[in-house]
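In: quick one, fold the following:
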Amino acid sequence: MADAPTDAVPQILIKIQESIAALRSEMGQFRQSTETRFERVETLIRKQRRDAAGMLVMMRATASDFDERVSDVEERLSALEAKAT
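Out: So this is what the prediction gives:
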């Protein structure tokens, strides 16, 4: 048996305080890494939106060019049919 009784409450409170401090530190690191990941995702989304807009413009230009070429072929065909008759 111990000669003098000891109070365990201060030691328990100190350990709880240390655990809370460690948790706060871990949460800070988690928050920072999460914000970094969100920034990367947002950057990627902006890039993909720009790429998609560019592809849409190119698709419209290609479709317009194709339509013009088909119209030219139709006109030539009409002219050839008119000469044949």
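
In: which helix or which strand is home to the residue sitting nearest the centre point of the chain?
Out: Central residue check for the chain by CA atoms, centre = their mean: the C-alpha nearest the mean position is that of Val41, 3.1 Å away. Val41 is part of helix 9-84, with elements assigned from DSSP states H and E.

In: follow-up on the earlier one: how near is the residue nearest to the centre of the chain to Gln48?
Out: Note on Val41: its distance to Gln48, by CB to CB, to the nearest Å, is 10 Å. (Glycine included, C-beta is placed from N, CA and C.)

In: quick one on the thing from earlier: any idea of the pLDDT on the residue nearest to the centre of the chain?
Out: We note a pLDDT of 97 for Val41 in this prediction.

In: just the one 3 residues further on next, same as before
Out: You'll see Leu44 listed with a pLDDT of 98.

In: what does Arg76 give?
Out: You'll see Arg76 listed with a pLDDT of 95.

In: please tell me how far it sits from Asp51.
Out: 37 Å.

In: burial measure for Glu26, as a count.
Out: 10 (other CB atoms under 10 Å).

In: from Gln32, how far out is it?
Out: Glu26 is 11 Å from Gln32, by CB to CB.

In: quick one: low-confidence ranges for this structure?
Out: Within the chain, the set of residues satisfying pLDDT under 70 comprises 1-5.

In: which outside residues touch stretch 23-41?
Out: Applying CB atoms under 8 Å, 6 or more residues apart in numbering, stretch 23-41 turns out to have no external contacts.

In: hey, C-alpha coordinates of it in PDB?
Out: Extracted C-alpha coordinates of stretch 23-41, given in PDB (Å, rounded to 0.1, in the frame of the first residue of the first chain):
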ATOM      1  CA  LEU A  23      -7.100  16.000 -32.000                       C
ATOM      2  CA  ARG A  24      -7.000  19.700 -32.800                       C
ATOM      3  CA  SER A  25      -3.700  19.400 -34.500                       C
ATOM      4  CA  GLU A  26      -4.900  16.400 -36.600                       C
ATOM      5  CA  MET A  27      -8.100  18.300 -37.500                       C
ATOM      6  CA  GLY A  28      -6.000  21.300 -38.600                       C
ATOM      7  CA  GLN A  29      -3.900  19.000 -40.800                       C
ATOM      8  CA  PHE A  30      -7.000  17.300 -42.200                       C
ATOM      9  CA  ARG A  31      -8.700  20.600 -43.000                       C
ATOM     10  CA  GLN A  32      -5.600  21.800 -44.800                       C
ATOM     11  CA  SER A  33      -5.200  18.700 -46.900                       C
ATOM     12  CA  THR A  34      -8.900  18.700 -47.600                       C
ATOM     13  CA  GLU A  35      -8.800  22.400 -48.800                       C
ATOM     14  CA  THR A  36      -5.800  21.500 -51.000                       C
ATOM     15  CA  ARG A  37      -7.700  18.700 -52.500                       C
ATOM     16  CA  PHE A  38     -10.800  20.900 -53.100                       C
ATOM     17  CA  GLU A  39      -8.600  23.500 -54.800                       C
ATOM     18  CA  ARG A  40      -7.200  20.800 -57.100                       C
ATOM     19  CA  VAL A  41     -10.600  19.600 -57.900                       C
END
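
In: no more questions from me, cheers.
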